[in-house]
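Chemist: Generate coordinates for the sequence data below:
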Amino acid sequence: MSLFAFLALAQGAVADVPTSYDGQCIYPPVLGDPRPGEVRLTCSRVITDGAGIDFIDREWDSRMMRFAGVWDGDLLKVRSVTPRTGAALQARGVCRVDYADGAVSVIACTAIAGGRSWIGNFRVSCI
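Modeler: Next up is the predicted model:
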């Protein structure tokens with residue numbers, strides 16, 4: 001295998017070791033207001049690990065949501081969500097890690113659980 005192919009595979013895989021990213025949850029205006037039953041997360045940090053993604057609010061030092069499941073490259077097949085209340089809910093959904101210039105730029109998750117749709121759209125800070 002060429003060095004280039006190896007590096008591409010390494011970039012695409014999420015490590016078991018927790019990795020933290022600072023930034024902000026933002027939602028484009030084209031989405032309009034949240035619909036009934038839709039929860040859009042607020043956050044300023046995301047932590048990824050081998051089992052999922054945590055959306056964190058640094059101001060409150062609180063985990064807002066955990067999306068957990070099975071990684072397939074840069075996609076997390078969501079099997080459960082844990083809101084800040086702490087009770088895990090069986091879920092179905094997906095999270096995707098996007099890159100720009102070789103670095104993580106956006107982490108987006110959506111899942112349906114407990115009669116709600118949970119959405120996190122995190123943009124990594126460039127500075």
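Chemist: Kindly point out the strands partnered with the helix or strand where residue 123 lies and how each is oriented relative to it.
Modeler: For residue 123, the host element (DSSP states H and E) is strand 116-124. Using DSSP bridges, the strands paired with strand 116-124 are strand 19-25 (antiparallel), strand 38-40 (parallel), strand 103-113 (antiparallel).
Chemist: ok, the closest residue to residue 76 other than its chain neighbours to residue 71 distance?
Modeler: Counting by Cβ to Cβ, 6 or more residues apart in numbering, residue 76 lies nearest to residue 95, which is 3.9 Å off, once chain neighbours are set aside. Backbone N, C-alpha and C define where each C-beta goes, glycine included. Residue 95 sits 9 Å away from residue 71, going by Cβ to Cβ, to the nearest Å.
Chemist: same question, residue 50
Modeler: Distance, residue 50 to residue 71, by Cβ to Cβ: 7 Å.
Chemist: Please say which of the two ends up with more neighbours.
Modeler: Higher neighbour count among residue 50 and residue 71: residue 71, with 21 against 12, using other Cβ atoms under 10 Å.
Chemist: Report the beta-bridge partner residues of that one.
Modeler: Residues in beta-bridge contact with residue 71 (DSSP bridges): residue 76.
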